[in-house]
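# I'll drop the sequence and a predicted model, then ask my questions.
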Amino acid sequence: MISTHQKEPDATDIYVGKRVRMRRLALDMSQTNLADAVGLTFQQIQKYEQGTNRVSASRMQQFAKILEVPISFFFEGAPAAQVMGGGKKINGKAAVSPRLRHQLSREPRRADYYQGFHPNRRPKAAAQHSSFCRAASRH
């Protein structure tokens, strides 16, 4: 017997889709143009934007490059994720280890960093920054 029950989209999937749409519209880009850039149909872009289809990590990386934003942009302000399997929670939020909190506090916000650059120069600056970070981590 085939089940006709469809799972509701996850709140995070919907949020990420809205962020894709928001950025696409900010760039005055059509769904068709975005679809062509990643090798999809505009209907597939609609499903991503509605949260019906989840955006895979590799697809998100493509979207970030084309929409000229860091991957973190898609999650900024997202609702707290549901913790499966009884993960630790503090005041209803997933607990973050002190070590991870320290690392995150030291991580520069790339979106803030690149605001000072002209929009046409941001991708080149991001590439230079990434190259510098890779070189620094090797030493």
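Ah, there it is.

# packing partners of the helix or strand where Arg21 lies?
Using DSSP states H and E, Arg21 sits in helix 11-26. For helix 11-26, the elements it packs on are helix 42-50, judged by 3 or more C-beta pairs under 8 Å, 6 or more residues apart in numbering; DSSP states H and E. (Each C-beta comes from the backbone N, C-alpha and C, glycine too.)

# doesn't Asp40 belong to a strand?
Asp isn't right for residue 40; it's Leu. No: with DSSP: H, G, I helix; E, B strand; the rest coil as the criterion, Leu40 is assigned coil and is not in a strand.

# how much space separates Pro79 from Glu68?
25 Å (C-beta to C-beta, to the nearest Å).

# strands along this structure, start to end?
89-90, 93-94 (DSSP state E).

# before we move on, back to that, Pro79 and Glu68: who's more crowded?
Glu68 (16 against 10; other C-beta atoms under 10 Å).

# what comes into contact with stretch 32-51?
9-10, 13-18, 20-21, 24, 30-31, 53, 55, 59, 62-63, 66-67 (C-beta atoms under 8 Å, 6 or more residues apart in numbering).

# narrow these to those that are buried.
9, 13-17, 20-21, 24, 31, 53, 55, 59, 62-63, 66-67 (16 or more other C-beta atoms under 10 Å).

# which parts of the protein are helices?
With DSSP state H as the criterion, the chain has helices at 11-26, 31-38, 42-50, 57-66, 98-106, 110-114, 122-138.
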